[in-house]
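Generate a structure from the sequence data that follows.
(2 chains)
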Amino acid sequence: MNDASSPTPAIEVRGLAVAYGERRALDGVSLAVAPGAVVGLLGPNGCGKSTLLSAVAGLRTPIEGEVRLLGAPPSPQARARLGVVFQESCLDPLMTLHETLWLHGRLFGLGGAELRRRVDEALARFGLSARAGDRAGTLSGGLRRRLELARALLPSPSVLLLDEPTSGLDLDSRRAFWELLREANTSLTPGPPPSQRERGDRPVGVREQLAVLLATNDVLEAERECDAVAFLHHGRLVAQGTPAELKGGLRHDSVRVACADGRAEALSGAVAGWPDVGAVTRAGAVLHVTVDDASSFVPRLFQEGAGGIHTLQIEPSTLEDAYFQLAGASLREATEEVAP
Amino acid sequence: MSAVTTAFGAWGALLARDLRAFLRSRSQLSSSLAFPLMLLAVIGVGVSEGLEPERVRDGDYVTFLAPGVIVMTALFSSTFSSASFYQDRDSGMLRVFLVSPHPPAVILAGKSLGAIVIGSAQALAILAVAAAVPAIDLQWQYGVAPSLLLALAAVLLLNVLLSGLAQVLASRIRTMQGFHLVMNLVLFPLLFFSGAFFPLDDLPGWLYGLALVDPLTYAVDLLQLSLYAEDGSGHLGAGVDLAVLGGLAIALYGWGLRRRPTTE
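From the prediction side, this is the model:
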């Protein structure tokens, strides 16, 4: 995610291990995020994403390895250029929006007219001016996230850590969150759309120097917003690269099949042996199959399934399929792995 | 901007936040003043009139009780305010503070300022009421201004000490319920043994011994010397009180700041 010709990484993690008691939540993780890049951490719940962000933010002390922020070990000076949006809402419900931003600015050494200007600008940019005097506890989930993003960006950080920032939000709020993040970075340099991005390209609208490390288990968000993605599994980094690179070896189509009771197991065993079939996973009565060509696979599936198929969904393969192929496990919990 | 300047800015901002929250909480504001005043009026007058105590000056238990009630007010107010640490941890605000460009000790110091200021202000409010009520016969044996300064020192040192104790406990106890339980378990006996409710002289040896190892004893003694007593007889002495209170306040507060706060 950072090659030899790149400038000093905004975030660099080398051989990082973090433990909770005897259990290693992270083990030997190394990655780098270049200035201006958006890098996603993808993995199921409990794989170590939040722990990695906590270690980068200085809230967790590694037992091995090191973290470097903007080329130096984490320090108060480095943290002055760090913004964080945590997974859970981290707001004082009794403070007003204005007070929330003002307090954060003071903690980051801002004051006087400069702080007033930044707070007013942030409230206006994030569409919160009309609610400036309201208490944070009265905001909807989407507005809370806006406020938290506004707070994180208030001191103009160079590094932004986002821990599942759109988790629990509806589609419109998710879209609004990312649009606001892009708009907040005003020195825009138009880049190619995500599907055509190459390694090192900036995503559209993200300020040149703002490095973003995003923890998510939303594959579409990762594909859409990230220059590069790292797959975490049981605290280890199993693969990293651009979304296109990670999906490079995949079969073209992804087919989800909802089966009648008792049919999924037999059907999964049967299709696993077919020549154009890649990964097959089963979660209860739902099969997930990656295939070269769904148009030839599906008719054969119906012949084999013979009335045991309730619904069927065909999509292009995603990072979720890539994760399964590279990590040997599913992003979704409670999934039975049938065949690699 | 230097680290010291930004640390002062952070302390000011954190203090302003806690004071604002306290002033907005009318129930906390009114009940924290009403309870000690009620204690003074009901228990003080009740004991004075009902039991007619001979061992306090002129049988005036209300005036005797005033320094103890000031200590009790500081004790409960400071403890209650220290619990905001748990509110900040549970709301996630503590994590937000800890990823700011300040060492954890600066954040903890800023957080404790609110408890110290609120606890001291409430204790001094009770002192102001006591001074204004004609039925409470304060002596001001060192003169009003020096006695007031000594009382202020007692209240401030006590709150710093309690804030340090609360921080030490909060870094070890996971839940607010557990914190309150332990604080009550610790603070009520400390209050009972401190001489807040009865004179220490002529106590049985075991009770006097317990009083001497109780830090609150020295706060009560200093307040009694500056507000209630006509002379120093039967007291530990202002110098001893200041030395013990100051030493314990510095030690406990320093220990509390060295604790790494838990965010989960």
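
Wait, a helix at A:Ala230?
No: counting by DSSP: H, G, I helix; E, B strand; the rest coil, A:Ala230 falls outside a helix, being strand.

Helix, strand or coil: sort out the closest residue to it other than its chain neighbours for me.
Leaving out its chain neighbours, the residue that sits closest to A:Ala230 by CB to CB, 6 or more residues apart in numbering or on different chains is A:Gln240, at 4.1 Å. (Glycine included, C-beta is placed from N, CA and C.) Per three-state DSSP, the local secondary structure of A:Gln240 is strand.

Number of residues surrounding A:Gln240?
Residues lying near A:Gln240 (other CB atoms under 10 Å in any protein chain shown) number 21.

Equivalent analysis for the one 4 residues further on, please.
Number of residues near A:Ala244 (other CB under 10 Å) recorded here: 14.

Which element, helix or strand, includes it?
helix A:243-246 (DSSP states H and E).

Which secondary structure elements does that helix sit against?
strand A:228-233, helix A:319-327 (3 or more CB pairs under 8 Å, 6 or more residues apart in numbering or on different chains; DSSP states H and E).

Kindly reformat these as CSV and extend each row with mean neighbour count and mean pLDDT.
Below are these laid out as CSV (neighbours: other CB atoms under 10 Å in any protein chain shown; pLDDT from 0 to 100):
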stretch, mean neighbour count, mean pLDDT
strand A:228-233, 25, 93
helix A:319-327, 24, 78
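
could these be laid out in CSV, adding distance to B:Thr73?
Below are these laid out as CSV (distance: least, CB to CB, whole Å):
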stretch, distance to B:Thr73
strand A:228-233, 52
helix A:319-327, 59
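
quick one, which of these is nearest to B:Tyr208?
With CB to CB as the criterion, B:Tyr208 lies closest to strand A:228-233 of the helices and strands packed on helix A:243-246, at 63.0 Å.

Dump that closest one to CSV, keeping only the CA atoms.
Taking C-alpha atoms only, strand A:228-233 is exported to CSV below (Å, rounded to 0.1, in the frame of the first residue of the first chain):
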residue,chain,number,x,y,z
ALA,A,228,-6.5,-0.4,-1.1
VAL,A,229,-7.9,-3.0,1.2
ALA,A,230,-6.3,-5.2,3.8
PHE,A,231,-8.0,-8.5,4.8
LEU,A,232,-7.8,-9.3,8.5
HIS,A,233,-8.6,-12.8,9.8
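
In chain B, what residue lies closest to chain A?
Residue of chain B nearest chain A, by CB to the nearest CB: B:Gly92 (2.9 Å).

Counting neighbours, what do you get for the closest residue to that residue other than its chain neighbours?
Closest residue in space to B:Gly92, ignoring its immediate chain neighbours: A:Cys90 at 2.9 Å, by CB to CB, 6+ apart. Other residues lying near A:Cys90 total 21 when counted by other CB under 10 Å.

Which residues are in contact with the residue sitting nearest the centre point of chain A?
In chain A, the centroid-proximal residue (CA atoms, centre = their mean) is A:Thr216; its distance is 2.9 Å. Counting by CB atoms under 8 Å, 6 or more residues apart in numbering or on different chains, A:Thr216 makes contact with A:40-42, A:49, A:162, A:164, A:166-167, A:222.

One more pass at 7 Å, please.
Counting by CB atoms under 7 Å, 6 or more residues apart in numbering or on different chains, A:Thr216 touches A:40, A:42, A:164, A:222.
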